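Sharing a sequence plus its predicted fold:
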Amino acid sequence: MRIDLILQPHLSAAELVKLGALAESFGISGVWVSNHLDSRDPFVNFVPLAERTEQLGMGPTALSPFEIHPIKMANLLLTLNEISGGRAHVAVGGGGGTLEAMGIKPERMVRAVRECLEMLRVATSGQPGSYQGEIFQMKWLDTSWATAPAPALFAAANGPQMLKMAARYADGVMTSDFTPVRVRWARELIDPVLNETGKDQASFPFINFWAWHVKESFEEAQREALMYLMARGTIWAPYINDVVSAEEAAIVANHYPDFIRAYRKTADIKGVPEGILAKIVERGVAASALKDIDREIEKLQEMHAAGVTGVALCLYDDPAESIRNIGEHVVPALKAL
């Protein structure tokens with residue numbers, strides 16, 4: 001089972017070097033950074049890490065073709081891929097908070113991501129080419145200078161149409177906050193497409209983004225998990241229905257502003273009963289005391305049994321300590337799966 005990490009995008013290049021080198025020493029496969037509007041450029045920021053590691057994959061998630069034209073995305077990706085010796089990866093998605101801040105309202109997102117992947121495929125072939133899509137065009141591009149092994153092209157996909165498209169056009173899929181029941185639902189969507197296109201179900205990369213809040217104490221883990229719930233798909237429909245009842249989901253929906261106010265500031269989410277919050281944290285993220293880490297490992301094993309081939313564990317405060325804990329406990333337990 002593949003184990004990746006998602007690091008916070010505000011980290012400096014020097015911090016990424018230290019954390020990435022530590023991750024590589026434990027046999028972790030790759031690192032990603034979330035694509036945020038108010039953070040450092042992920043491609044540029046990864047360059048020192050690319051120069052100081054040998055096996056670690058690296059790249060951003062999720063980039064939207066509405067914020068970076070696929071041609072420019074290809075230039076950035078191929079440059080990082082060249083510097084890293086073929087270890088770059090990218091997850092392409094429809095867009096989120098960055099587009100909202102830019103005042104862009106994306107349309108036909110599945111089609112846009114498909115065209116972006118197709119254009120990146122042309123660009124990463126190392127041969128001159130062109131592309132004429134319904135949304136994006138590339139009259140001519142010569143990337144014959146790109147001689148490193150081609151980078152991995154993932155689609156960030158959660159909805160049914162995006163998942164089906166990803167199975168057909170991407171090298172792999174990255175979902176976020178999928179419980180085992182939702183993983184099985186996704187496999188029912190993508191497996192027929194993989195069969196139709198001649199791709200092996202067992203080896204097609206299916207990576208699930210999963211928030212990691214394992215701390216020395218249970219209280220510390222709970223506090224951090226609650227502070228970041230707003231950014232997790234778990235509290236939003238339809239994912240909330242995987243972890244609480246319909247009645248409890250309605251209470252959560254009525255208090256979305258309280259989750260937003262608590263984001264990165266406080267664990268006090270007003271108006272939502274503690275019992276509901278406890279269910280969300282217990283079932284929708286990894287949050288436990290270090291002495292109970294085996295419980296979180298079991299959740300990851302359940303995801304694998306449901307159909308994921310890997311996890312991307314998102315780290316928050318004190319990422320170095322989290323990497324050591326993951327390297328010492330999670331990697332040995334999951335690598336053999």
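Received it, and whenever you're ready, just let me know what you need.

only C-alpha atoms for contact and neighbour calcs from this point on.
Fine.

what about the strands in this structure?
Ranges of strands in the chain, per DSSP state E, are 2-7, 30-34, 57-63, 89-92, 129-132, 137-141, 152-156, 172-176, 206-211, 310-314.

Now tell me what touches the fifth one from outside.
Okay, so that is strand 129-132. With C-alpha atoms under 8 Å, 6 or more residues apart in numbering as the contact definition, strand 129-132 has outside contacts at 119, 122, 123, 137, 138, 139, 140, 141, 142.

now the third one
With C-alpha under 8 Å, 6+ apart as the test, strand 57-63 has contacts from 29-35, 42-43, 46, 50, 87-95, 156.

That one: how far from the chain's middle?
Taking C-alpha atoms, centre = their mean, to the nearest Å, one finds strand 57-63 lying 8 Å from the centre of the chain it belongs to.

domain assignment for this structure?
2-214+287-334, 218-285 (automatic domain parsing).

Out of the ones you listed, which is the most enclosed?
Mean neighbour count (mean count of other C-alpha atoms under 10 Å) peaks for domain 2-214+287-334 among the domains of the chain, with a mean of 19.

what is the mean pLDDT for it?
For domain 2-214+287-334, mean pLDDT is 95.

and that domain, how far apart are its ends?
Domain 2-214+287-334 has its terminal residues 8 Å apart, counting by C-alpha to C-alpha, to the nearest Å.

just stretch 262-273 next, same as before
End-to-end distance for stretch 262-273: 15 Å, by C-alpha to C-alpha.

From residue 153, how far off is residue 78?
Distance from residue 78 to residue 153, by C-alpha to C-alpha: 11 Å.

Ok, residue 115 next?
Distance from residue 115 to residue 153, counting by C-alpha to C-alpha: 12 Å.

which residue is nearest the middle of this structure?
By C-alpha atoms, centre = their mean, the chain has its centre lying nearest to residue 209, at 4.6 Å.

partner residues bridging it?
Assessed by DSSP bridges, residue 209 has beta-bridge partners residue 176, residue 312.

didn't residue 88 look like it was pressed against residue 77?
Yes. Contact between residue 88 and residue 77 holds when scored by C-alpha atoms under 8 Å: they sit 6.9 Å apart.

Need the residues touching each of these two.
Jointly contacting residue 88 and residue 77 under the rule C-alpha under 8 Å, 6+ apart are residue 151.

hang on, isn't residue 37 packed against residue 95?
No. Residue 37 is beyond contact range of residue 95, at 11.3 Å (criterion: C-alpha under 8 Å).

hang on, the earlier thing: out of the strands of the chain, which comes closest to residue 336?
Nearest to residue 336, of all those, is strand 2-7, at 9.5 Å by C-alpha to C-alpha.

Give me the sheet partners of the closest one and which way each runs.
Strand 2-7 is paired, per DSSP bridges, with strand 30-34 (parallel), strand 310-314 (parallel).

Now tell me what touches that strand from outside.
Contact with strand 2-7 is made by 28-34, 207, 209, 309-316, 319, 331, 334-335, as judged by C-alpha under 8 Å, 6+ apart.

Check stretch 247-265 too.
226-231, 235-236, 240-241, 268-272, 276.

run the last query once more with 10 Å
224-231, 235-246, 266-273, 275-277, 279-280 (C-alpha atoms under 10 Å, 6 or more residues apart in numbering).

is it true that residue 207 touches residue 310?
Yes. Between residue 207 and residue 310 there is a contact at 4.6 Å, judged by C-alpha atoms under 10 Å.

can you list residues touching both of these two?
By C-alpha under 10 Å, 6+ apart, residue 207 and residue 310 have these common neighbours: 1, 2, 3, 4, 174, 303, 304.

Could I get these in TSV, plus columns for distance to residue 184?
Compiled in TSV, the shared contacts of residue 207 and residue 310 are given as follows (distance: C-alpha to C-alpha, whole Å):
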residue	distance to residue 184
1	17
2	18
3	19
4	21
174	14
303	9
304	10
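
Quickly list what's touching both of residue 115 and residue 153.
121, 169.

Against residue 108, how distant is residue 196?
Taken as C-alpha to C-alpha, the span from residue 196 to residue 108 is 24 Å.

er, residue 313 actually
Counting by C-alpha to C-alpha - residue 313 and residue 108 are separated by 30 Å.

cool, and residue 223?
38 Å.

looking at the sheet around residue 5, what are its partners?
Counting by DSSP bridges, residue 5 is bridged to residue 31, residue 313.

pretty sure residue 175 contacts residue 185?
No. The pair residue 175 / residue 185 is not scored as a contact, 12.0 Å apart, by C-alpha under 10 Å.

before we move on, back to that, between residue 78 and residue 153, which contacts overlap?
Residues within reach of residue 78 and of residue 153 at once, by C-alpha under 10 Å, 6+ apart, are 88, 89, 120, 124.

what residues are up against the third one?
Listed by C-alpha under 10 Å, 6+ apart, the contact set of residue 120 reads 70, 71, 72, 73, 74, 75, 77, 78, 114, 131, 151, 153.

Mind checking which of those residues land in helices?
Among these, the ones falling in helices (DSSP state H) are 70, 71, 72, 73, 74, 75, 77, 78, 114.
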